[in-house]
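Colleague: Okay, here's the prediction I keep looking at, along with the sequence it came from:
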Amino acid sequence: MCSLIFETNDRCNDYGRLQIEADAGGLPKSPLFAKSENIFFLKVIEAEIEFVKNNDKVIQLIVHFNGQNQIAKKVK
């Protein structure tokens, strides 16, 4: 099972930047950079993270990596 952890608070790093971490995939905590309002990319690997909203609330994200699209539903 792959788990993704996102942080958006000031404890993320010195800049309070959105970050992702995927222990199962060996991805250390890495900052995300905006490509558009709902699509972000990483500089450490070639991947994009797409946030999907419903009524202005994020309900899931889609990881676009290595030719695959992996959906991760919001649990909290």
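Modeller: Sure, I can see it. Numbers count the residues shown, from 1 in each chain.
Colleague: Output the lowest mean pLDDT helix or strand found in the protein.
Modeller: Every helix and strand in the chain was compared by mean pLDDT, DSSP states H and E; the lowest is strand 5-7, with a mean of 52.
Colleague: Which positions in stretch 52-67 come out as buried?
Modeller: Across stretch 52-67, burial judged by 16 or more other C-beta atoms under 10 Å covers L61, I62, V63, F65. (C-beta placed from N, C-alpha, C; glycine too.)
Colleague: Leaving out sequence neighbours, find the closest residue to the second one.
Modeller: With sequence-adjacent residues excluded and distances taken as C-beta to C-beta, 6 or more residues apart in numbering, I62 is closest to E50, at 4.4 Å.
Colleague: Could you pull up the contacting residues of the one you found?
Modeller: By C-beta atoms under 8 Å, 6 or more residues apart in numbering, E50 lies in contact with N38, I39, F40, L61, I62, V63, H64.
Colleague: which intervals of this protein have sub-threshold pLDDT?
Modeller: 1-16, 24 (pLDDT under 70).
Colleague: Which of the buried residues of stretch 52-67 sits closest to R17?
Modeller: Of all the buried residues of stretch 52-67, R17 sits closest to L61, with 16.6 Å by C-beta to C-beta.
Colleague: contacting residues for that closest one?
Modeller: L4, I49, E50, F51, V52, I71, A72, K74.
Colleague: what helix or strand is it on?
Modeller: Following DSSP states H and E, one finds L61 within strand 57-65.
Colleague: Top of the contacts of L61 by number of neighbours, please.
Modeller: I49 (21 neighbours; other C-beta atoms under 10 Å).
Colleague: L32: what's its closest spatial neighbour, skipping adjacent residues?
Modeller: F40 is the one closest to L32 (C-beta to C-beta, 6+ apart), at 3.9 Å.
Colleague: ok, the one you found touching R17?
Modeller: No: counting by C-beta atoms under 8 Å, F40 stays clear of R17, with 10.5 Å between them.
Colleague: Could you name every residue contacting both of these two?
Modeller: Common contact partners of F40 and R17 (C-beta under 8 Å, 6+ apart): L32.
Colleague: Settle it for me: which of those two has more neighbours?
Modeller: Just comparing F40 and R17: by other C-beta under 10 Å the higher neighbour count belongs to F40, 19 against 13.
Colleague: Perfect, that will be all.
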